[in-house]
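J.: fold the following, please.
(one chain, ligands or ions: 2)
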Amino acid sequence: MLQSKLFTKTVKDAPKDEVAKNASLLIRAGFIDKTMAGVYTYLPLGLRVLKNIEKIIRDEVNKAGGVEILMPSMQPKENWEKTGRWETMDDLYKISDSSGRESALGATHEEVVVPLVKKFVSSYKDLPLYVYQIQNKFRMELRAKSGILRGREFMMKDLYSFHKDEEDLKKYYEVMKQVYKNIFERAGIGNETHLTFASGGSFSKYSHEFQTITPAGEDTIYVCNDCGVAINDEIINEQKECPKCGKANFKTEKAIEVGNIFELKTKFTEAFDLKYKDEGGMDMPVLMGCYGIGLGRLMGTIVEIYNDDRGIIWPESVAPFDVHLILLNESLRSTSGEIYESLQKAGVEVLYDERMGKSVGEKFADSDLMGIPYRIVVSEKSMEKGGVEFKKRSEEESSIIKKEDILNYVKKVQ
Ligand code: ATP
Ligand code: MG
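T.: Ligands and ions are numbered 1, 2, ... in the order given. Model prediction:
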C-alpha cells in the first residue's frame, strides 16, 4: 500500500484525554480513532492488525472443530428475562424504540445461542456441537480508561460448546485451554500469558482466565514460582496452594485478562429447557461451556508489551505490514518502485512511504511509531554504500544489503 493513500496521519503529541499507553500510541500512529469514551474506530492500519488477530483466532478455533456463525447485536428482552439477566446484569445496554418495545444490545450471546441451538439439537447424535462468532459486544463499562483494553463496544470471539455429559464437556474444556495457549503464542504474548485459576461462581469450582503480565494490567494475579500457573485476586484467599503443583510460593503481578473459559454446565440450557434424548430415549439436560477472547483487548495488550519510547514494535504475526519501504531521494523513485513491486509479487506486505515533502526525520519517526517489523530505506547514501538500508524495528543496528538480497532478509512467519 502506498503511504500517500493512507488517509490517516500520525500525531506527534499524545492525546490529552487518553491515559492508557495502548490508546495513546495507537491513536498517535494512526491505527485507531476515539469516537467517544470506550468507543473506537479502527483505521486502515488498525484494521489490518485486527484482521491478523482474527485470522489467528479463527484458524486455531476451526482446528478445534469450531463452526462459525454471526449472531445479532439486537436481542429480544424475553430471552434476557428468561435467564434473569435483564435485571441482574449491570452492564447491559437496554434500548427501546418509539413504540416502547425494549430489547438488549448483546453484552454476550448465551440468550441467543441457546434458543438457536435448541432448534437443531434434539438427540445425542447432534452432540457435541461447538459454535462461535467474532462479533461486537456492548457493555456499560464504568471505567473506560484503559483504551481498547476496555471498550463499551468491542469485538469478541465467543465460542459456546454443547455436550451430552460432564466428561465430554471437561474433555473439550482441556482442548480449548490448548487452543488459547496456541493463540496467545502466535500473537506474540505466549511468554507473558499465564493460565489463571478463577472462582467458577455457582456452577463449577474454577473457571480459567488467561492473564498477560504487564504494569498496564487492571487485575492482580499470583503466579506460582514453581509451575507458572496463576491464581486471581478473588480466590487467593481460599486457595492457599497452587491448584496445579500444590506449592505455596507465589509472586504478585499486574495483568490483563485477555481471555477466559467457563464451564456453564446447565445454567443456560435449563433456562431455555434445552434437552436431548439419550440412547435409551430419556430426556437429558445439555451441558455447556463458553470461551471468550477480546480482539481489541488482545491488540491493546500486544501494544502495552511491545513498545519503546519511539513507538510500537509489532510482532510479525500481527503487524499491519511486513515491510516499511521508505524512499528518501526523488532520484531513486523508479528503483524503489521496482523493489516495491518485487516484494509484493513475492507475497510480502509492504507499506511504501513514497511521500515527498517529508523530512528524513519525519519519515523515520513515523516508521518507528507505526512499528512495522522490517524497514528498508532507499536513499542516495545507501546506494553509495552498495544497496538499501535494512533494519528491524526491534533492533538498533542497520545494515546495507544488496537489492537482490532483500527477499532473503524478509522471512515471512505466516
Ligand atoms: P473483565 O473482568 O475484564 O471485565 P469479563 O470477565 O467481563 O472481563 P468476559 O465476559 O468473560 O470478560 O469476556 C470474555 C473476554 O472478552 C475477556 O476475557 C476479555 O478478553 C474481553 N473483554 C471483556 N470485556 C471487555 C471490554 N469491555 N473491552 C474489550 N474486551 C473485553
Ligand atoms: Mg466485565
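
J.: which residue ranges form the strands in the stretch 201-350 of the chain?
T.: 206-213, 219-224, 230-232, 250-265, 275-277, 283-285, 287-294, 307-308, 311-312, 323-327, 350-353 (DSSP state E, counting those that start in this stretch).

J.: and these: which comes nearest ligand 1?
T.: Closest to ligand 1 of these, according to C-beta to the nearest ligand atom: strand 287-294, at 2.6 Å. C-beta coordinates here come from the backbone N, C-alpha and C atoms, glycine included.

J.: mind listing what that closest one pairs with, with the direction of each?
T.: Strand 287-294 sits in its sheet next to strand 153-163 (antiparallel), strand 250-265 (antiparallel), going by DSSP bridges.

J.: next structured bit after the first one?
T.: What that stands for is strand 153-163. Where DSSP states H and E defines the elements, the next helix or strand beyond strand 153-163 is helix 166-186.

J.: report the inter-axis angle for that next one versus strand 206-213.
T.: 0 degrees (axes from the mean of the first three to the mean of the last three C-alpha atoms, to 10 degrees).

J.: now distance to K55, mean pLDDT and mean neighbour count too, for the strands paired with strand 287-294, in TSV please.
T.: Converted to TSV, those look like this (distance: least, C-beta to C-beta, whole Å; pLDDT from 0 to 100; neighbours: other C-beta atoms under 10 Å):
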stretch	distance to K55	mean pLDDT	mean neighbour count
strand 153-163	11	98	24
strand 250-265	16	97	21
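
J.: need the ones you listed in TSV (columns: distance to ligand 1).
T.: TSV is the format used below for the strands paired with strand 287-294 (distance: least, C-beta to the nearest ligand atom, whole Å):
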stretch	distance to ligand 1
strand 153-163	4
strand 250-265	4
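
J.: can you give me the neighbour number for Y42?
T.: Each residue near Y42 was counted by other C-beta atoms under 10 Å, and the total is 20.

J.: quick check: bridge partners of it?
T.: I32.

J.: how about the contacts made by it?
T.: 31-32, 50 (C-beta atoms under 8 Å, 6 or more residues apart in numbering).

J.: and for T212?
T.: Per C-beta under 8 Å, 6+ apart, neighbours of T212: 184, 189, 192-194, 255-256, 258, 301, 305.

J.: okay, the contacts of Y42 in CSV with neighbour count and pLDDT next?
T.: CSV is the format used below for the contacts of Y42 (neighbours: other C-beta atoms under 10 Å; pLDDT from 0 to 100):
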residue, neighbour count, pLDDT
F31, 30, 98
I32, 26, 97
L50, 22, 98
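
J.: pick the one among the residues you listed closest to D17.
T.: Of all those, D17 sits closest to I32, with 13.5 Å by C-beta to C-beta.

J.: for the closest one, what are its contacts?
T.: 23, 26, 40-43, 46, 148.

J.: can you lay out the contacts of Y42 as CSV showing distance to M89?
T.: Converted to CSV, the contacts of Y42 look like this (distance: C-beta to C-beta, whole Å):
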residue, distance to M89
F31, 31
I32, 27
L50, 26
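
J.: please list the residues of this structure that sit near ligand 1.
T.: With C-beta under 6 Å from any ligand atom as the criterion, the chain comes near ligand 1 at residues 108, 139, 141, 150-151, 154, 156, 257-260, 292-294, 296-297.

J.: repeat the analysis, applying 8 Å as the threshold.
T.: By C-beta under 8 Å from any ligand atom, the residues of the chain that approach ligand 1 are 38, 91, 107-108, 137, 139, 141, 144, 148-152, 154-156, 158, 209-210, 218-219, 256-260, 262, 290, 292-298, 300.

J.: now the residues you listed: which count as buried?
T.: 38, 107-108, 137, 139, 141, 144, 148-152, 154-156, 158, 209-210, 219, 256-260, 262, 290, 292-298, 300 (16 or more other C-beta atoms under 10 Å).

J.: all helices of this structure, in order?
T.: All helices of the chain, identified by DSSP state H, fall at 21-28, 44-63, 77-83, 85-88, 110-118, 166-186, 267-271, 295-305, 333-345, 360-370, 380-384, 406-409.
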